[in-house]
Each structure stands twice: as structure tokens, then as C-alpha cells.
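*Asks:* A predicted structure for the sequence below; I have some questions about it.
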Amino acid sequence: MKVLKFGGTSVGSVDSIKTVISILEENLSKGERITVVFSAMGGVTNRLIEIGKMAAAGNTEYVEFLKGVEERHFAVVRGLIPVKNQSSTFAAVRGLFNELEDILRGVSWIRELSERTLDLIMSFGERLSTLVITEILKSKGVAAEFCDARQVIRTNASYGMGDVNFEVTNHLILEHFAKSPALQCVTGFIASTAEGVTTTLGRGGSDYTASILGAALEADSIEIWTDVDGMMTADPRKVANAFTIPSISYAEAMELSHFGAKVIYPPSLQPAFAKNITLKVLNTFNTDFEGTYVQKSANGKEYVITGISSIDEIALVNIQGSGMIGVAGISGRLFTALSNNAISVILISQASSEHSICFSIDPKNAQKAIDVLEKEFATEIGLGHIDGISVEKNLSIVAIVGEGMKKNTGISGKLFSALGKNGINVVATAQGSSELNISVVISKSDLSKALNAIHGVFFQSETRSLNLFIVGVGLIGSTLIEQIRNQTQYLREEKLLNLNIAGLSNTKKMLLDPDGIKPENWRDRVMDEGVKTSLPAFVQRMIELNLPNSVFVDCTSDKDIVQYYHMLLDASISVVTPNKVANSGSYSEYIALQRTALQRGVKFLYETNVGAGLPIINTIQGLMASGDKFLKIEAILSGTLSYIFNNFGGDKRFVDVVKEAKAKGFTEPDPRDDLSGADVGRKILILSREVGVPLEPEEVKISQILPANCLAAPTVDAFFGELEISNAYFADMQAAAEAKGEKLRYIATLENGKATIELKTVDASHPFYTLSGSDNIVSFTTERYKDRPLVIKGPGAGAEVTASGVFADIMSISSYLG
Ligand SMILES: NC(=O)C1=CN([C@@H]2O[C@H](COP(=O)(O)OP(=O)(O)OC[C@H]3O[C@@H](n4cnc5c(N)ncnc54)[C@H](OP(=O)(O)O)[C@@H]3O)[C@@H](O)[C@H]2O)C=CC1
Ligand SMILES: N[C@@H](CC=O)C(=O)O
Ligand code: NA
């Protein structure tokens with residue numbers, strides 16, 4: 001035998017009632033013994049309260065409102081009962097409305113709406129819906145019977161939330177059901193006193209009715225039919241990845257619902273839980289879905305936590321003072337005073353120093369709480385034993401819930417690390433010794449970010465998102481987007497990672513979309529929907545969006561963009577860049593960025609600053625972290641110059657090889673940066689800093705390979721013009737080297753704290769002789785690699801290798817964020 005309860009939305013319209021009827025028919029066709037409880041049609045209870053208040057205020061417009069309610073019920077009768085059977089139901093419905101009209105007239109005469117009268121007014125909602133549905137079932141030949149719960153559920157006279165007398169109630173239920181073999185259609189939410197006065201069951205009322213019936217009748221299960229797919233791991237309006245919890249324990253359901261999950265109200269299901277009855281939360285609008293099973297203990301737990309719940313808005317009250325330390329009874333007095341004034345406390349936290357106690361409450365009680373406590377502790381405040389009482393608003397609570405936390409280590413670590421890595425400050429925290437719940441108080445503006453970040457780390461088999469904001473969609477930026485496009489499926493399937501491009505910009509247009517810009521059509525979207533670029537606006541919007549796991553990717557060579565890095569890192573947003581500007585400015589700037597990233601617990605990654613995708617920076621950082629000491633670095637760090645010296649000669653003019661290098665994507669956006677040695681200068685400067693030599697840019701000694709006329713060229717076009725007329729200069733240089741059987745190499749060296757860059761010729765015995773294409777080569781002589789240096793060699797420029805280095809940095813942030 002089972003009890004089914006249908007909520008307001010399930011019985012809210014002709015269509016939804018049709019579904020309800022088919023669910024009932026299916027049960028009956030299987031020979032199930034069932035009892036059904038109905039809520040009022042969706043919105044009707046609130047409407048009746050409104051109408052009652054209007055009547056009490058003498059506002060006669062309530063009559064119109066009441067007509068609207070009546071029409072909704074008539075529409076159901078017309079829609080679902082055959083014409084020949086309609087008149088008796090219309091008459092019965094009308095009869096109830098006549099009664100209600102009389103009551104409301106009385107209310108409007110005496111201008112008074114007591115809780116007792118309001119309970120009576122509200123009772124019409126369930127009486128009407130249940131009456132109509134019973135008649136529909138009867139018209140379909142089902143042996144159904146209307147059961148007014150006031151006949152079987154007894155409460156005391158606490159109007160608004162009657163206290164159930166279970167002894168009498170259970171007896172009445174058993175008696176009624178013993179003599180009524182027909183399908184009982186029971187009004188939810190309502191009950192009566194022993195004197196027959198109508199009462200209601202308070203929050204979660206119809207669920208309570210189902211639970212009381214289920215427990216009394218020892219049902220096998222209770223089905224709560226609602227309008228969502230069961231209980232979810234988090235509020236789906238805030239966490240797009242939230243999913244239905246298949247199985248949950250009573251205790252977990254209690255904890256989750258305490259913090260806002262409104263699907264069911266488990267305290268009202270206590271009678272069923274006490275009898276160990278399985279509860280199923282099912283969706284009337286998705287009947288095939290399994291829903292959530294609520295049982296004594298949940299089965300087949302896949303995750304260590306069961307769900308995350310939250311309260312959007314709370315106030316945190318803090319009371320502190322040295323006079324509280326070691327003094328017994330302070331908290332007793334505090335909470336008694338609050339309770340005497342009906343201020344309910346949501347969370348409490350006290351440090352073991354006993355210097356302060358903080359607790360959270362509904363913000364609407366904040367002032368009252370202060371007044372109450374200032375009065376209670378007036379003497380202590382006067383004597384200075386208590387400093388005072390402060391209140392902080394605009395806060396939210398997030399709680400992770402689950403029996404899996406019990407005696408399992410690392411869970412709070414995981415929670416706080418997810419918050420920390422996303423720059424979310426924890427204002428207060430509480431964990432009960434039941435280990436069922438860890439709650440944190442955070443700023444309200446971080447709520448959605450916190451929920452998503454926590455959901456991502458605890459429910460790892462779901463796809464996590466990394467939100468990318470890419471500025472610079474030229475050669476490297478656009479290649480990166482293409483690589484992301486090609487990897488989307490692999491990352492989703494194999495790494496459960498969704499790279500969400502949430503922002504894009506070039507110098508002309510920018511587009512931010514937290515829902516994502518697809519790599520397939522980003523050009524069109526930026527063109528069509530983009531607005532005029534403003535970097536400050538881009539960065540500000542990013543910070544405002546406050547998305548979890550955000551990464552800023554700078555694929556420009558812009559000098560001014562760097563000023564935003566600090567702001568971004570400070571807002572706990574990681575930065576990835578191939579742009580060398582930030583790390584090759586002043587040493588203090590370089591160090592400041594490293595420190596900010598470290599302090600904020602986010603990443604600033606720039607592997608492609610040197611040698612494009614070759615693992616040069618990572619190798620140095622690994623060696624440094626493990627305590628190695630660098631004695632010497634010798635390197636070819638320009639893909640462009642490497643390519644030029646590997647391909648120049650014969651009948652190829654120097655200028656043409658430079659143009660080829662540019663066309664192959666090896667050069668800087670301005671190729672003068674490569675040929676002037678500036679780019680290599682920046683790279684050896686960055687390497688110096690990475691190995692602990694704090695050089696300034698002007699300390700790098702660069703010997704020029706360009707003649708003065710090329711260096712002086714004011715524009716890129718003019719520069720190419722000067723290269724054309726200087727061909728003999730380069731040809732002579734090359735010929736001289738060839739004559740010796742040697743090759744030209746532009747070599748950067750760091751030794752004894754000094755960085756130099758020189759054009760040298762190397763013979764066949766030199767390790768740098770055999771380079772080809774755009775190869776870079778770096779030779780590290782360290783204390784551990786002293787006799788034979790550690791050498792890294794390979795293509796050190798080009799769109800694909802650079803973009804893939806940027807991609808790898810992005811992936812390492814994804815692993816870091818967990
Ligand atoms: N090529 C290579 O092998 C390597 C390159 N790098 C570095 O990669 C970076 C990008 O190089 P590359 O792709 O060739 O350069 P491109 O000139 O092709 O692209 C630069 C992009 O940045 C945009 N941009 C520039 N300034 C701004 C700004 N202030 N606001 C918004 N957008 C801006 C440009 O917009 P618009 O299109 O409107 O001009 C363009 O989309 C450089 O820093 C380079 O040093 C690093 C390692 C290797
Ligand atoms: N222009 C650079 C690209 C990589 O940083 C080079 O040629 O090496
Ligand atoms: Na690199």
C-alpha cells in the first residue's frame with residue numbers, strides 16, 4: 001500500500017491534472033492499493049490569504065479575486081468531467097464558494113482576520129482541489145471517495161501550525177480506512193481540533209498529511225509528486241551542473257532542507273521516517289524519471305558529499321570582549337534572550353579562546369537581536385567586559401551535507417581550498433560533531449561562484465568548467481581558439497572539462513558572455529555582438545561576473561595591458577600569457593606579480609615567454625624548487641633569427657628570409673623586436689630572474705646585428721625597405737662565416753650574474769651548430785648538471801607551438817583548481 005501526494009503545480013491546471021489522473025490510473029491498473037493526498041491548486045493558498053487580508057481591510061475588490069479562484073476550479077470541471085456529470089460538481093464547488101463568501105463577508109464586516117479564521121479560509125484550497133479531482137476520478141469509473149482530513153487528523157488549537165495528537169489521529173485514520181474500501185482522496189494541509197474547529201499543519205503541510213497517513217497505515221512507501229526531478233545536489237537555478245540525488249538518507253534530507261532546499265520539508269515527514277517508510281520524490285512532469293529515494297540510510301553513494309545547500313541572505317551578529325573569556329553562562333544568556341524574543345539562530349560559531357561568539361540570523365531580525373542583546377548585556381557592556389555587538393549583512397551561507405563526511409578526512413580541506421582558489425573569503429564557519437554538515441558564511445556576491453566551485457570539486461564525475469577570457473585574437477589567440485575547438489570533445493569526454501570561452505577581445509571589439517562563445521563561430525559573434533573595446537571595461541566586467549575558475553589569457557603584445565594583471569590576480573583570477581612585457585619590465589614589477597599570485601592562491605603562468613611551447617620556464621622552476629643552483633645559461637632564444645641564419649644565403653636575400661619568417665608566424669607582431677635583439681633581450685632577462693639573478697632590462701648587454709639605417713627605420717614598412725638596401729651587409733657577414741666552415745648564431749649567455757647577447761660564429765663541434773628551422777636551444781649548467789649540461793632544443797616560435805604552450809598552461813590551472 002502506498003500514499004501519493006500531489007503538490008500545487010501538479011494539480012495546478014487541466015493539463016497537469018490529466019497527468020495526475022493517468023499516474024493514478026496506472027497505479028490502479030497494476031492493482032496497487034493507494035491513498036492520495038492533494039494540495040490546493042498552485043497559487044490558490046496564497047491567493048486566499050490575500051483575499052482574507054483584503055476583506056479584513058474592507059477592500060471589496062476581494063470579490064473579484066475570489067471569482068478568479070472559482071473560475072480556475074470551474075475550468076477544471078469543464079475540461080475534465082463529461083458534460084452530463086458536470087452539474088453536480090459545479091453545484092458542489094459553488095456550495096463551497098457560497099460558504100467561503102459568507103465567511104469573507106463576516107471578515108469584512110468585523111474587519112478582523114484571526115489566525116483561526118485564516119486557517120478556515122485556507123482550508124478551502126485543499127477542499128476544492130480534492131473535491132474536483134475526486135469527481136473527475138469518479139466520472140472515469142474509479143471507486144474514489146472524498147476524504148476531508150478534518151475528520152481524521154486531530155490537532156490542538158495552535159492555529160497556523162496545529163500540533164498533531166497522534167494517538168487520536170492514528171486511531172481515527174485506521175477506523176476511517178477500515179470502513180472505506182474506496183480510493184481515499186484526502187485533503188492535504190488541513191486538520192481540526194477535537195471541537196471540530198479547522199486548523200492547518202503549517203510549513204510543508206500536505207507532505208505532513210501524507211506522512212501522517214503513511215505512518216498510521218504503515219504504507220510501504222510515500223510518493224511526493226512535485227514539479228522538479230527530485231532533490232538536487234544544489235540549487236539548479238544557481239548551479240547549471242546540479243543533478244538529482246538518486247538516494248539520500250533521512251538525516252541528510254533534513255540537513256539539506258534546513259538550508260533552503262524547498263522540494264520537500266523533511267521535518268514534516270518525521271512520522272514516516274520513524275516507521276522507516278521509504279519516501280520517493282517524483283516529478284509529475286517527467287514521470288519516467290527515477291527521482292530521489294529518501295530512506296533511513298542511502299544506498300550506493302558515489303560521492304563523499306550528498307548535496308550543497310545555501311541560504312541567500314543572512315546577517316551575522318558578533319559579540320566579543322575579553323570579559324567573556326572563561327565566564328560561564330554567557331552563551332546561555334545570549335541564546336535564551338534570543339529565543340525569548342523568537343529570534344531563530346541559523347548557525348553558531350565560537351572560537352575556543354571564548355573571546356567572541358558569532359551567530360547568523362534572518363536579516364530582518366538583525367536590529368531586534370542587537371536591541372535584545374544590548375539590553376541583556378547592558379552591565380557587561382557598561383563595564384567594558386563586552387566590547388559591543390556588531391552585525392554584518394549581505395552575507396550568505398553555503399553548507400555541504402552528507403553522511404560520507406563522517407570520519408572521512410580531507411573534506412573540509414577540499415571545501416576551503418575550492419573557496420580559497422577562487423578568492424572567496426570565509427567570514428565564519430561551523431561544523432556539527434555529527435559531521436553531516438559543514439557550513440561557511442561568505443559574501444552574498446560570491447554565492448553563485450562558491451556554489452559552482454564547490455559543486456565542481458565534490459561532484460568530479462560531472463564536467464567542470466574553466467572560464468577563459470582571451471584578449472588578443474591575432475595569430476596566437478586565434479590558433480589557441482582553434483586548438484580548443486579541436487580538443488573540446490576530448491576534454492569533455494576524457495578530462496570532464498569544459499573550456500568555456502566567456503570573453504574575447506581585439507583592439508576593435510570585445511564580447512563577454514558567461515554562457516560561452518563557441519569556438520566555431522567566435523569571429524561572427526565578436527563582429528556582430530561585440531562592443532567597442534575598452535580594456536578597463538573588459539576587466540571590470542570579468543571581475544563583476546565573478547565566475548568560478550576564471551582565467552585571463554593575454555595573447556597581445558600590448559604594453560599597457562600588464563597594469564591589469566595585478567587587479568586580476570588580486571581578484572583571484574589566474575593569468576596566462578605569451579606576452580613578455582610584464583616579466584621584462586622592472587624587476588620590482590616582476591616580483592610584485594609573483595607575490596600577488598602567491599598570496600591570492602592563483603596562478604600567473606607564462607611558459608611561452610621563452611622558447612614558445614618548449615618546457616624551459618617549467619624546467620627552471622622545477623630545478624629551483626628542488627634546490628639546484630644555476631651556474632650558466634647559454635641559449636639561442638629567437639626562433640626568427642634562428643630561421644633566418646638557417647635559411648639565408650645563396651640567392652635568397654636577407655629581406656626575403658625575414659619576410660618568410662614573418663609569414664610563418666615566427667616573428668613578433670613587430671619584427672624589428674626580433675632583429676634588434678630586443679626580444680632575445682627580454683627572454684634572457686626573464687630566464688635570469690627565474691634563476692634568481694635580479695637583473696634590470698638595461699643590464700642586459702645586447703650587441704646589434706642590424707646596421708644603423710635599419711635600426712633607425714620608423715615603421716615596419718620602412719624597416720623592410722632598409723633591409724632590402726642592406727642585403728650586402730648581411731651577405732658579407734654570412735659569407736665570412738661560411739668561409740671558415742662556421743655558422744652565424746645569435747647567442748644569449750648568463751654567467752656570473754651577467755647577461756650578454758652576441759652574434760657569434762660556431763664551428764661543427766659546437767652543440768649550437770646543427771640547429772635547423774626555427775629551433776631554439778637552451779643549455780643549463782647547474783650544480784647538478786655540471787659536467788654535461790641539461791639541453792632543451794626544438795622549434796621555439798610559431799603559432800601552433802606557442803598556442804599549445806598557452807593551452808598547456810591553461811590545463812595546468814585546471815589541474816590546480818581540481
Ligand atoms: N609568434 C610566436 O611564435 C610567439 C609569440 N609570442 C607572443 O604572443 C603574443 C601574440 O602574438 P601574435 O598573436 O603574433 O600577435 P598578433 O599581432 O597577431 O595579435 C595580437 C592580438 O592582440 C590584439 N590586441 C593588441 N593590443 C590589444 C589591446 N590593447 N586590447 C585588445 N586587443 C589587443 C590585436 O588586436 P587587432 O587584431 O585588433 O590588432 C590582435 O588580435 C605576443 O606577445 C608575442 O610576443 C610568444 C611566443 C611565441
Ligand atoms: N618572435 C619570437 C617568438 C617567440 O617568442 C621568436 O622569433 O622567437
Ligand atoms: Na617555453
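*Replies:* Received, thanks. None of these values were measured; they are calculated from a predicted model. Ligands and ions are numbered 1, 2, ... in the order given.
*Asks:* quick check: mean pLDDT across stretch 714-728?
*Replies:* Averaging pLDDT along stretch 714-728 gives 95.
*Asks:* can you count the residues close to the one residue in the stretch 151-300 of the chain that gets nearest to ligand 1?
*Replies:* Minimum separation of the stretch 151-300 of the chain from ligand 1 (CB to the nearest ligand atom) falls at A240, amounting to 28.9 Å. Just so you know, the C-beta spots here come from the backbone N, C-alpha and C atoms, and that holds for glycine as well. When neighbours are defined as other CB atoms under 10 Å, A240 has 11 of them.
*Asks:* tell me the pLDDT at it?
*Replies:* pLDDT, A240: 84.
*Asks:* likewise L269?
*Replies:* 83.
*Asks:* just E313 next, same as before
*Replies:* 95.
*Asks:* contacting residues for it?
*Replies:* With contact taken as CB atoms under 8 Å, 6 or more residues apart in numbering, E313 is in contact with P363, N394, L395, S396, K444.
*Asks:* And the residues you listed, which is closest to I153?
*Replies:* P363 (35.3 Å; CB to CB).
*Asks:* quick one: contacts for that closest one?
*Replies:* E313, I314, A315, K393 are the contacts of P363 under CB under 8 Å, 6+ apart.
*Asks:* coming back round to it: JSON lines for the contacts of E313, including pLDDT and secondary structure?
*Replies:* Shown next, in JSON lines, are these (pLDDT from 0 to 100; DSSP: H, G, I helix; E, B strand; the rest coil):
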{"residue": "P363", "pLDDT": "96", "secondary structure": "helix"}
{"residue": "N394", "pLDDT": "96", "secondary structure": "strand"}
{"residue": "L395", "pLDDT": "97", "secondary structure": "strand"}
{"residue": "S396", "pLDDT": "96", "secondary structure": "strand"}
{"residue": "K444", "pLDDT": "96", "secondary structure": "helix"}
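*Asks:* got the residues of the protein near ligand 1?
*Replies:* Contact residues, the chain versus ligand 1 (CB under 6 Å from any ligand atom): 471-477, 505-508, 533, 535, 555-558, 561, 578-580, 608, 612, 639, 665-666, 668-669, 797-798, 802.
*Asks:* Those, buried ones only, as a PyMOL selection?
*Replies:* Filtering these down to the buried ones (16 or more other CB atoms under 10 Å) takes a single PyMOL command:
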select buried, resi 471+472+473+475+476+477+505+506+535+555+556+557+561+578+579+580+608+612+639+665+666+668+797+798+802
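*Asks:* So E313 lies in a strand, does it not?
*Replies:* Yes - counting by DSSP: H, G, I helix; E, B strand; the rest coil, E313 falls inside a strand.
*Asks:* Tell me how far it lies from N425.
*Replies:* 17 Å (CB to CB, to the nearest Å).
*Asks:* V107 too?
*Replies:* Using CB to CB, one gets 50 Å for the distance from V107 to N425.
*Asks:* All the helices of the stretch 701-818 of the chain, residue numbers only.
*Replies:* Secondary structure of the stretch 701-818 of the chain by DSSP state H, counting those that start in this stretch: the helices cover 708-711, 716-725, 727-739, 799-817.
*Asks:* Kindly compare burial across these and name the winner.
*Replies:* Highest mean neighbour count among the helices of the stretch 701-818 of the chain (mean count of other CB atoms under 10 Å): helix 799-817, with a mean of 20.
*Asks:* List the contacts of that one.
*Replies:* Applying CB under 8 Å, 6+ apart, the external contacts of helix 799-817 come out as 418, 421-422, 456-457, 464, 466, 468, 475-476, 479-480, 482-484, 487, 495, 497, 499, 549, 551, 553, 555, 574, 576-578, 603, 605-608, 612-614, 665, 794-795.
*Asks:* from those, which are also near ligand 2?
*Replies:* A612.
*Asks:* Any of the contacts of helix 799-817 buried? List them.
*Replies:* In those, the ones that pass as buried (16+ other CB under 10 Å) are 418, 421-422, 456-457, 464, 466, 468, 475-476, 479-480, 483-484, 487, 497, 499, 549, 551, 553, 555, 574, 576-578, 603, 605-608, 612-614, 665, 794-795.
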